[in-house]
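>>> pasting the sequence and the predicted coordinates here, then a few questions.
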Amino acid sequence: MSSGYGLWPLVLISTAIFVVFAASFFHPRSGRDWRAMGAYTGFLVALFTEMYGFPLTVYVLAGPLGTRFPLLRADHAGGHLWNDLIGWTGDPHASPFHLASYAMIGGGFWLIAVAWRHLFAAARDHQLATAGPYGWLRHPQYAGFLLVMLGLLVQWPTIPTLVMFPVLAVVYRRLARNEEREVAAAFGQAWTAYAATVNPFIPRRPRPIAPAKSARPVAVSAAPPATRPN
């Protein structure tokens, strides 16, 4: 195997680190939470398999594109496809794509972690979570997962993960819609007013929103169904 590949223990370790890191912030408990984590984990397995295990995408592209992009080769440096396409010859880990990916991955994990604290506080008081990231997004935790995956795509794109990403975006959107129906049933007009002010995934300037209590008690969980979606 070419240099930098065939490192299957590193595939497992890298996947485990990213999964445990996300789970420590997301705190999955419900079946819906575990489906969200499962989709994220599948993306990581596909990514790290090509990053350290077997460079399928590089092999597929090297034939038709190898003469036009000489940096596209079956070693670890050649797996940084965006760098190969622009002819980046410096340290691939210091390229503009890598630096952007670090910011996106870090921002995604930050969003998941901060959103969880506000969600937990709102669930404890049986209120609609509208503070912190929830003042900007209705689903900051799902948005955080998508931002992490997008950052990984910027750092190391592969054919499977490029195909998977839009599919996972649809999956998270469907999960979000299911949660919104439950929250709307619990909070009624308060949820309607909140949803009219705050976008699901694309932030816009927030407006002050008064906290609203649920008509019935809610259990605290990673995504309390009658408190706020992720």
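That came in fine, so what should we check first?
>>> ok, residue 102 - how many residues close by?
The tally of other residues near residue 102 (other C-beta atoms under 10 Å) stands at 14. Just so you know, the C-beta spots here come from the backbone N, C-alpha and C atoms, and that holds for glycine as well.
>>> spatially nearest residue to it, not counting backbone neighbours?
Of all residues not flanking residue 102 in the chain, residue 151 sits nearest, at 7.4 Å (C-beta to C-beta, 6 or more residues apart in numbering).
>>> what's the burial count for the one you found?
By other C-beta under 10 Å, 22 other residues sit near residue 151.
>>> that one touches residue 105, doesn't it?
Yes - counting by C-beta atoms under 8 Å, residue 151 touches residue 105, with 3.9 Å between them.
>>> if I read this right, residue 128 contacts residue 189, doesn't it?
No - using C-beta under 8 Å, residue 128 makes no contact with residue 189, being 11.0 Å away.
>>> in which helix or strand would I find residue 6?
In this assignment (DSSP states H and E), residue 6 forms part of neither any helix nor any strand.
>>> now do the residue nearest to it when sequence neighbours are not counted, the pLDDT please.
For residue 6, ignoring the flanking residues on the chain, the nearest one in space by C-beta to C-beta, 6+ apart is residue 53 at 6.8 Å. Note on residue 53: pLDDT of 87.
>>> what's the spacing between residue 53 and residue 98?
Look at residue 53 and residue 98: by C-beta to C-beta, to the nearest Å, they are 20 Å apart.
>>> who has more neighbours, these two?
Taking residue 53 and residue 98 together and counting by other C-beta under 10 Å, residue 98 has the greater number of neighbours (20 against 17).
>>> please, which helix or strand holds the more buried one?
Here residue 98 is assigned to helix 96-124, by DSSP H and E.
>>> and the angle from the helix or strand just after that helix to helix 96-124?
Sequence order places helix 140-155 as the next helix or strand after helix 96-124, per DSSP H and E. Interaxial angle of helix 140-155 relative to helix 96-124 (axes from the mean of the first three to the mean of the last three C-alpha atoms, to 10 degrees): 170 degrees.
>>> quick one: the next helix or strand after helix 140-155 to chain centroid distance?
Downstream of helix 140-155, the first helix or strand assigned by DSSP H and E is helix 159-187. Centre-to-centre, helix 159-187 and its host chain are 12 Å apart (C-alpha atoms, centre = their mean, to the nearest Å).
>>> please name every helix or strand in contact with the following helix or strand past helix 159-187.
Stepping forward along the backbone from helix 159-187, the first helix or strand reached (DSSP H and E) is helix 189-197. Judged by 3 or more C-beta pairs under 8 Å, 6 or more residues apart in numbering; DSSP states H and E, helix 189-197 is in contact with helix 159-187.
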